[in-house]
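S.K.: What shape does this take:
(chains A and B)
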Amino acid sequence: MVSRGLKRLYTFLIFLFLYAPIIVLIVFSFNNSKSRGVWAGFTFKWYIELFKDAEILKALYYTLLVAVLSALISTVLGTFAAIGIYNMPGLSKKITLNLNYLPVLNPDIVTAVSLMALFRFFKMEFGLATMLLSHIVFCTPYVILSVLPKLKQMNKHLAEAAMDLGATPFYALRKVIIPEIMPGIITGCLMAFTLSIDDFVISFFNTGNNVSNLSIEIFSMSRRGINPVINALSTLMFVSLIILLLIINKRTEKNEIERGV
Amino acid sequence: MHTIELKNISKEYNGVTVLNDINLYIQENEFLTLLGPSGCGKTTTLRIIGGFEEPTKGTVLFEEKDITDIPPYKRQINTVFQKYALFPHLDVYDNIAFGLKIKKLPKSEIDSKVKEMLRLVNLQGFEKRSIDSLSGGQQQRIAIARALVNEPKVLLLDEPLGALDLKLRKDMQIELKNMQKRVGITFIYVTHDQEEALTMSDTIVVMDKGRIQQIGTPVDIYNEPKNAFVAEFIGESNIIDGIMHEDYLVEFSGQNFKCVDKGFRKGENIEVVIRPEDIEIVSVANGQLNGIVKSVTFKGVHYEMIIESKDFEWMIHSTIMKEVGTEIGMTVLPENIHIMKKVRAE
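M.R.: Numbering: from 1, shown residues only, chains lettered A, B, ... in the order given. Presented below is the predicted three-dimensional model:
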């Protein structure tokens, strides 16, 4: 038997290995020096500088704009798609589900390049619209995947029960089905929002016209030279994503408890 | 006037026939039960009446108007679903008020109707309770209240007591029957439980393999089953081949018996049905038939015994217990011998 102490040490080392880069990043975002190797005292100045930088603020605006819009649009698309898939007969359901998995498993770079090719083919101007479209494309499958389990959990006669009581199919959808799968819809929406903020590769290939989001901005800043503002910005992104992930996990956990898993 | 009439209803799924030429009418205030094993088409029949399935062929009439193509939300029919299908995100009040709100009734009227329904199902004061906090029996009553509050002409019930335990099921059977008498609407009830059907129904429709096997009152169905399937399905029975010699005289097991049936051809091969509780145990000398007790099982109210005679194994229900291995005599009264036309072997 391995002793308790040894087990703990092992776990600690693993997490240290995983989180060391982020810890260094966070620590040095508070470093009062341009140097990355020497600690020169605590400061908030990089954060202050960050919020004075017009380029970064513009990128933040685009990031949030694209994240909010793509999350909302992909949530609507994904929810209706999930309801459709749920009501499909056996074989077509299986095929559609697998087609839905494909973009999830596809390497980002492939999705990115293929979207770029598609936009080129339609002679679209690269910019906000293409970036938004590409985000909707890669977010929608995740929304479908988070709504479907909720539909499966639902008593399959609920829609019929509503219609039996005089509800038109649309009224039944609005008053019974949607409220019933709402937890799945919200989780899907949060997930889409997170994925959109998180994305670099697909955005990088499908934007233009001086439209860049935070991850593209960080990438180009780091090419221009070392700047601790990057650390501050990355720290903020990391913290906000961690918070979103915690919310999503909490929701999934609550769902599982409700289902008695 | 018939409340509901089904004319030549057939239903196919992907080439498989699940309903085959169903003809049925249901009268006002009738408690009608569709009874049969799973897969016999009883639920499909109910769903066609409710409007959730379209028949492949045939018409559904509601008070003599064709409603075959009318969607469920335009029919004056309400349903109590299997596992209730209550809306979990709404409380008890909003579940019951769901249909009334769609009809845009004034708030005060909705209030008083919901209250009245809760009184009918004995759940006063449950308005604000969430569905998840209710027991199975309570959910059952809410489902009935939610349907009845719309004052339908017909209430459809799809195995509504299936999920309840035995004691509660018995209570609910009586309660449902009383409720039906009180509100005076037509109930169409689906079950696979023959005892439930016998207890509650005015009319029983026995179904098997997508066809109606027999329509009749519970007493008729039990005492005069039309064929071997009905006899086997409704309670236990002894079914034995026999020959009809003349009116009121039948031969089976090598013996002639008096019976109360007539109208068969002379020498026609028939099947005889005798209920296990209709065979009386007597001494060997007085028996019309003799046999040896092969097994005895205690069933609570009675003993179930298997008696081996020379060409048949009889099942007997009796309060008298005979030891395994004893030879006994058996008699049957003429009115307890039921003659059925022989169904051609399939």
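S.K.: isn't there a helix covering residue B:212?
M.R.: No - secondary structure of residue B:212 (DSSP: H, G, I helix; E, B strand; the rest coil): strand, not part of a helix.
S.K.: Just give me the neighbour total for residue A:89.
M.R.: 8 (other CB atoms under 10 Å in any protein chain shown). Heads up, the C-betas are built off the backbone N, CA and C, glycines and all.
S.K.: Could you report the distance from it to chain B?
M.R.: Going from residue A:89 to chain B by CB to the nearest CB, to the nearest Å gives 9 Å.
S.K.: which bits of the stretch 51-200 of chain A sit near chain B?
M.R.: A:155, A:157-158, A:160-168, A:171, A:175-176, A:179-180, A:182 (CB under 8 Å from any CB of the partner chain).
S.K.: Please, a ChimeraX command that selects the buried ones among these?
M.R.: Listed next is the ChimeraX selection for buried residues among these, using 16 or more other CB atoms under 10 Å in any protein chain shown:
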select /A:155,157,158,160,161,162,163,164,165,166,167,175,176,180
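S.K.: Inside helices: which ones of the residues of the stretch 51-200 of chain A next to chain B?
M.R.: A:158, A:160-164, A:171, A:179-180, A:182 (DSSP state H).
S.K.: who touches the residue nearest the centre of chain A in this structure?
M.R.: Central residue of chain A (CA atoms, centre = their mean): residue A:195, 1.7 Å from the mean position. In this structure, residue A:195 makes contact with A:135, A:138-139, A:142, judged by CB atoms under 8 Å, 6 or more residues apart in numbering or on different chains.
S.K.: Out of those residues, which comes closest to chain B?
M.R.: Nearest to chain B among these: residue A:142, at 23.9 Å, using CB to the nearest CB.
S.K.: For the residue nearest to that closest one when sequence neighbours are not counted, which three-state class applies?
M.R.: Leaving aside its sequence neighbours, residue A:142 sits nearest to residue A:191 (CB to CB, 6 or more residues apart in numbering or on different chains; 5.1 Å). Under three-state DSSP, residue A:191 falls in the helix class.
S.K.: ok, now which ones touch the residue located most distally from the centre of chain B?
M.R.: Distance to the chain centre peaks in chain B at residue B:285, reaching 40.9 Å (criterion: CA atoms, centre = their mean). Applying CB under 8 Å, 6+ apart to residue B:285 gives the contacts residue B:329.
S.K.: Tell me the confidence at it?
M.R.: If you check residue B:285, the pLDDT there is 86.
S.K.: related to what we said a few turns ago, just to check, the residue nearest to residue A:142 is in contact with residue A:143?
M.R.: Yes - counting by CB atoms under 8 Å, residue A:191 does reach residue A:143; the two are 7.2 Å apart.
S.K.: neighbour-wise, which of these two wins?
M.R.: For residue A:191 versus residue A:143, neighbours defined as other CB under 10 Å are more numerous around residue A:143 (29 against 24).
S.K.: Spatially nearest residue to that one, not counting backbone neighbours?
M.R.: residue A:78 (2.7 Å).
S.K.: next SSE after the helix or strand harbouring that neighbour?
M.R.: Here residue A:78, judged by DSSP states H and E, is contained in helix A:54-86. Next in sequence after helix A:54-86, counting helices and strands by DSSP H and E, comes helix A:90-105.
S.K.: Measure how that following helix sits relative to helix A:54-86, angle-wise.
M.R.: Between helix A:90-105 and helix A:54-86, the angle comes out at 160 degrees (axes from the mean of the first three to the mean of the last three CA atoms, to 10 degrees).
S.K.: returning to what we had before: help me confirm that the residue farthest from the centre of chain B is found in a strand?
M.R.: No - looking at residue B:285 with three-state DSSP, it is helix, so not inside a strand.
S.K.: Got the confidence number for residue A:257?
M.R.: pLDDT, read off for residue A:257, is 64.
S.K.: and what of residue B:243?
M.R.: 90.
S.K.: for residue A:226, same thing?
M.R.: 66.
S.K.: try residue A:148
M.R.: Residue A:148 carries a pLDDT score of 91 in this model.
S.K.: list the helices and strands the host helix or strand of it packs on?
M.R.: Element membership of residue A:148 [criterion: DSSP H and E] is helix A:128-153. When contacts are defined as 3 or more CB pairs under 8 Å, 6 or more residues apart in numbering or on different chains; DSSP states H and E, helix A:128-153 packs onto helix A:54-86, helix A:90-105, helix A:108-121, helix A:178-198, helix A:201-205.
S.K.: Repeat the analysis, applying 6 Å as the threshold.
M.R.: helix A:54-86, helix A:90-105, helix A:108-121, helix A:178-198 (3 or more CB pairs under 6 Å, 6 or more residues apart in numbering or on different chains; DSSP states H and E).
S.K.: Residue A:14: which of the ones you listed is closest?
M.R.: helix A:178-198 (23.2 Å; CB to CB).
S.K.: Compute the inter-axis angle for that closest one and helix A:128-153.
M.R.: Going by the same axes, to 10 degrees, helix A:178-198 makes 140 degrees with helix A:128-153.
S.K.: Now helix A:178-198: buried residues?
M.R.: Neighbour-count burial for helix A:178-198 flags A:180-181, A:183-197 (criterion: 16+ other CB under 10 Å).
S.K.: where does the chain dip in pLDDT?
M.R.: Because you didn't say which chain, this covers chain A. Applying pLDDT under 70 to chain A picks out residues A:1-2, A:35-36, A:226, A:255-261.
S.K.: sorry, should have said chain B
M.R.: For chain B (pLDDT under 70), the answer is B:343-346.
S.K.: what's the domain layout of it?
M.R.: B:2-228, B:236-341 (automatic domain parsing).
S.K.: Give me every residue in the stretch 101-250 of chain B lying close to chain A.
M.R.: Proximity of the stretch 101-250 of chain B to chain A, by CB under 6 Å from any CB of the partner chain, involves residues residue B:102.
S.K.: redo that, cut-off 8 Å
M.R.: B:102-103, B:146-147, B:150.
S.K.: What residue in the stretch 101-250 of chain B comes nearest to chain A?
M.R.: Nearest to chain A, among the residues of the stretch 101-250 of chain B, is residue B:102, at 4.4 Å (CB to the nearest CB).
S.K.: Contact partners for that residue?
M.R.: Residue B:102 is in contact with A:165-167, A:171, counting by CB under 8 Å, 6+ apart.
S.K.: What sits closest to residue 169 if chain neighbours are left out?
M.R.: Reading this off chain A. Leaving aside its sequence neighbours, residue A:169 sits nearest to residue A:163 (CB to CB, 6+ apart; 6.6 Å).
S.K.: That was the other one, I meant chain B.
M.R.: residue B:161 (4.7 Å).
S.K.: Check residue A:200 too.
M.R.: residue A:215 (3.9 Å).
S.K.: what about the one you found, how many neighbours?
M.R.: Neighbour number of residue A:215 under other CB under 10 Å is 20.
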